[in-house]
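Peer 1: Need the 3D shape of this:
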Amino acid sequence: MAEGIMKKFYGIGTYVQSAGAKGDREIDGFAIAVCEELEVELSRHQSRGFEELHEYGDHLSSFDLIVALTPSSLAAVEELTRVYHLEVEHWPIDDPAGLGESRNQKLDAYRHSRDQIVNRLIARWGPPVHAV
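Peer 2: Now for the predicted structure:
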């Protein structure tokens, strides 16, 4: 969600790549649905793990900033980047996976996490350049 929203808000002038402690490949359908509400298209996106970044031509040392959204991602990033000079921020975003029993409750949990990401992006980089 964070990569798609960042690109929607601020365009492609900044290189953004999402990765996690583990690469699940498939994007959760609830994440796709709540991002579509902001006109952010995620259905073709695939998540990847930190180890896979190198396979795609990226290396953690080439980034200026890494934002970790979960404690497990933060721990992995701190371990993988301990010898690099780059900035690491932790944005504690609630993990919506597994929350809620009904479809509407699940969507609400994902909306909450999406909105946390939106608020963090705006706090860090200002109002969106591209209207949503």
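Peer 1: Nearest residue to residue 43 in space, ignoring adjacent ones along the chain?
Peer 2: residue 32 (5.3 Å; C-beta to C-beta, 6 or more residues apart in numbering). Backbone N, C-alpha and C define where each C-beta goes, glycine included.
Peer 1: Mind telling me what element the one you found is part of?
Peer 2: helix 29-36 (DSSP states H and E).
Peer 1: What ranges in the protein fall below the confidence cut-off?
Peer 2: 21-25, 131-132 (pLDDT under 70).
Peer 1: Show me where it has its strands.
Peer 2: 65-68, 87-90 (DSSP state E).
Peer 1: those helices in this protein, which residues are they?
Peer 2: 2-10, 29-36, 50-55, 71-80, 103-125 (DSSP state H).
Peer 1: Format those helices as TSV; extra columns: distance to residue 89 and mean neighbour count.
Peer 2: Supplementary listing: the helices of the chain in TSV, determined by distance: least, C-beta to C-beta, whole Å; neighbours: other C-beta atoms under 10 Å:
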stretch	distance to residue 89	mean neighbour count
helix 2-10	12	19
helix 29-36	21	18
helix 50-55	16	14
helix 71-80	9	16
helix 103-125	8	16
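Peer 1: Determine which of these approaches residue 20 most closely.
Peer 2: Closest approach to residue 20 among these (C-beta to C-beta): helix 71-80, 5.6 Å.
Peer 1: and the closest one, what other elements does it pack with?
Peer 2: helix 50-55, strand 65-68, strand 87-90 (3 or more C-beta pairs under 8 Å, 6 or more residues apart in numbering; DSSP states H and E).
Peer 1: out of these, nearest to residue 38?
Peer 2: Shortest distance between residue 38 and the helices and strands packed on helix 71-80, using C-beta to C-beta, is found for strand 65-68: 18.4 Å.
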